[in-house]
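>>> compute the structure for the input listed below.
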Amino acid sequence: MKKLTLLIIALVSFTGFSQSKYEDGMRKAFELWKAEKHWEAANLFERIAAADPENWLPPYYIAQINVVYSFGEKDETKLTAQLGKAKEYINAAKAISKDNAEILVLDALWHTAWVAYDGQQYGMKYSPKVAQLYQQALQLAPDNPHVVFGKAEWDMGSAQFFGQPLDPYCKDIQRAIELFSTFKPESEFHPSYGESRAKSLSEKTCK
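Numbers count the residues shown, from 1 in each chain. Here you go, the predicted structure:
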């Protein structure tokens, strides 16, 4: 009985220590990202992912960094490498957390990065997939502002590309802003981006 008690205490202590290391690592990674050392942040997220293979958040952020910094990239070799790594970690996150709206939004953004790079080559190929991913995410989490804003921004971009009016999507942008105002991530490390971008797009586009 005494050995069992000691074992339980040891396990609890180890779990607490591991959680503490995870939290410290995640905070450090976000600090690096905020300091515009995004590739250093991605490398740290990779180390955290390797140490905590059952947690979808580290691979999610590795993928997000590689996707976000692919927009505007002109070097196809570099773009292909970044988006290749991003896709690898999106798939890893999906394997850990199935039917996760946040990951679906990131996957939609991955496809959007290719469309933004070369609309003629990738527009018809990936646009239906982007719409499908946002629709799936919306069914899973209709009140998640990342989902609502992501879909609205994609719809607005598509309308702009085809010379259609943008006004019909302003109500969706406004709804996202309202959802952001009350949105509470599950933890300090869960996705919490987008509010300022939604407000900026509204001010710029929706008069």
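>>> make it CA atoms for all contacts and neighbour counts henceforth
Fine.
>>> dump the residue contacts of residue 111.
Residue 111 is in contact with 126, 127, 129, 130, counting by CA atoms under 8 Å, 6 or more residues apart in numbering.
>>> buried subset of these?
Buried members of these, counted by 16 or more other CA atoms under 10 Å: 126, 127, 130.
>>> contacting residues around residue 134?
The neighbourhood of residue 134, defined by CA under 8 Å, 6+ apart, consists of 104, 105, 108, 147, 150, 151.
>>> and residue 70, helix, strand or coil?
Using DSSP: H, G, I helix; E, B strand; the rest coil as the criterion, the local structure at residue 70 reads coil.
>>> how near is the residue nearest to it when sequence neighbours are not counted to residue 171?
Excluding its sequence neighbours, the residue lying closest to residue 70 (CA to CA, 6 or more residues apart in numbering) is residue 79, at 5.8 Å. Taken as CA to CA, to the nearest Å, the spacing of residue 79 relative to residue 171 amounts to 34 Å.
>>> narrow the buried ones among the contacts of residue 111 to those in helices?
Cross-referencing the buried ones among the contacts of residue 111 against helices under DSSP state H gives 126, 127, 130.
>>> show me the contacts for the closest residue to the last one other than its chain neighbours.
So the one you mean is residue 130. Spatially, and ignoring its direct neighbours in sequence, residue 130 is nearest to residue 108 (4.8 Å; CA to CA, 6+ apart). With contacts defined as CA under 8 Å, 6+ apart, the neighbours of residue 108 are 129, 130, 131, 133, 134.
>>> closest one of these to residue 94?
Within the contacts of residue 108, proximity to residue 94 (CA to CA) peaks at residue 133, which comes in at 12.9 Å.
>>> could you pull out the strands in this protein for me?
In order along the chain, the chain carries no strands (DSSP state E).
>>> could you find the closest non-adjacent residue to the residue nearest to the spatial centre of it?
The residue at the geometric middle of the chain, judged as the C-alpha nearest the mean C-alpha position with CA atoms, centre = their mean, is residue 106 (4.3 Å). Counting by CA to CA, 6+ apart, residue 106 lies nearest to residue 64, which is 6.8 Å off, once chain neighbours are set aside.
>>> residue 207: neighbour count?
Applying other CA atoms under 10 Å, we find 7 residues neighbouring residue 207.
>>> with residue 195 instead?
There are 18 residues near residue 195, going by other CA under 10 Å.
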